[in-house]
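In: Next come a sequence and a model predicted from it.
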Amino acid sequence: MTRNPRWATAAILTVLVSALPTGSVAGAPQPPRLTTNESYVEDVGRVGEFDIADVTATFAFVFNAVPDRVKVYPTENYYYFAFHHRGVRYVGNIRLENETRDQGKVHFAYEVEAAAWNRPEKIFYLLLDGSHGLAVEKLDPLVYRLSYRGKSVTFELNDLSKVVPPPTAIAAGERYIGPVFDESAVRFFLVYNPKLRIFHYVLDETVPVADELAASLNDRILIGKRTGFAFYRDHKRERKILIGVFEGNVRLNNYFDGPFDQLPDNFIEGEALRSAILEIEPRLAGRIDRFGSSFGDQMRYAISPYMQYAAVRDLQSIHRCAVSRRGSSDRYYTCFVVDERAGRPTAGHAQPRRRTPAVKRTGPSGHARGAR
């Protein structure tokens, strides 16, 4: 297969950084980026000169199209992208996974973007290494250079090692597991309550929140206008706990399906996560590693204590529980952990999730679907 420099213009490549609010991550404030229907129509009409079913050819296109240095924001180290090929939008990721990147191996996966009217399609996946011509070089603890067919790209992983939760973010007795940077561009603190054996995602407000939160139903429930993330203003301390994500986003596996798949992998200290999981699920002893993954690397314990809500009114049950238990020091925080099957607060809930290949579908397409 020969390289074709025109691949870079065969489709538009959209990376996660373009979805981030300028100024809150990259430094100095910048004006918003404007997208137009004109550019969307022209992108859809471009014809890719490679076989979309050929994974190595598709990787060559993607790798050739990304800049020479990129920033990987999500904390499970996925570099997400999207492009159009022969009128169809594809989404995927290059992942520098903790367990494999220092072995010179990188995950690459993509598929047709999901839609409510279509069934999921085949996932194209390949674990790339030297046998495919890919070289992986570690430059710094969280900086890697990938080289392929004469091009090198430096991948800078998100260094949140100095992030420290304020005292209000952690309740008495809770353990701080680590910082989470979700692909939605919202940051969280992952905390664990060993007495109640439950996890929470607490909103990180030490940086500007990349969304506008609006009160809904009452002054305790706040919902993001962009993400649909629902938070609860804790009665006991000044913090906001994630209590819900919109069910439709979960079905489409887009940027707004919740932070369960962006755990703080680079910042988990020792056995902190595994020991917490085993307190909840002792039956997993000897079956998971310190990241909560099965040793066959096919499944990972999913920490998703929040509700998947279909309508805002579904969140009212959490508020009723919190109000009724706010005077209790024992069971109050269980109100913010939801049994997905029953749709109501419970003592705790988590389940396995598929490990790899994992394709994260992107957020809204290049055009604004609701802005007609």
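Out: Perfect, thanks for sending it.

In: Count residues in the vicinity of the spatially closest residue to S293 that is not a sequence neighbour, would you?
Out: What sits nearest to S293 in space, not counting adjacent residues and going by C-beta to C-beta, 6 or more residues apart in numbering, is R300, at 4.6 Å. Yep, even glycine has a C-beta here, placed from its N, CA and C like the rest. By other C-beta atoms under 10 Å, 22 other residues sit near R300.

In: R300 and R290 touch, don't they?
Out: No: if you go by C-beta atoms under 8 Å, R300 and R290 don't touch, sitting 11.8 Å apart.

In: What backbone torsions are found at A272?
Out: Backbone torsions for A272, taken as degrees, to the nearest 10, come to phi -60, psi -40.

In: so how far is G178 from it?
Out: Plainly put, A272 is 8 Å away from G178 if you go by C-beta to C-beta, to the nearest Å.

In: So for those two, which sits in the more crowded spot?
Out: G178 (22 against 18).

In: so which strand or helix has that one?
Out: For G178, the host element (DSSP states H and E) is strand 175-181.

In: For the following helix or strand past that strand, give the mean pLDDT please.
Out: Using DSSP H and E, the helix or strand that follows strand 175-181 in sequence is strand 187-193. The predicted model assigns strand 187-193 a mean pLDDT of 98.

In: With stretch 224-242 instead?
Out: 97.

In: partner strands of the strand holding G178, parallel or antiparallel?
Out: Strand pairing for strand 175-181, determined by DSSP bridges: strand 187-193 (antiparallel).

In: Dump the strand it pairs with to PDB, keeping only the CA atoms.
Out: Extracted in PDB, the C-alpha atoms of strand 187-193 (Å, rounded to 0.1, in the frame of the first residue of the first chain):
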ATOM      1  CA  ARG A 187     -14.000  17.200  35.100                       C
ATOM      2  CA  PHE A 188     -14.800  15.100  38.200                       C
ATOM      3  CA  PHE A 189     -13.300  13.700  41.400                       C
ATOM      4  CA  LEU A 190     -13.900  10.000  41.700                       C
ATOM      5  CA  VAL A 191     -14.600   9.200  45.400                       C
ATOM      6  CA  TYR A 192     -15.400   6.100  47.300                       C
ATOM      7  CA  ASN A 193     -17.300   5.700  50.600                       C
END
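
In: How about residues contacting it?
Out: 165, 169-171, 173-182, 198-204, 207, 210, 242, 259, 263-264, 276, 303, 333 (C-beta atoms under 8 Å, 6 or more residues apart in numbering).

In: how about the helices in the stretch 151-300 of the chain?
Out: Secondary structure of the stretch 151-300 of the chain (DSSP state H, counting those that start in this stretch): helices at 247-252, 272-280.
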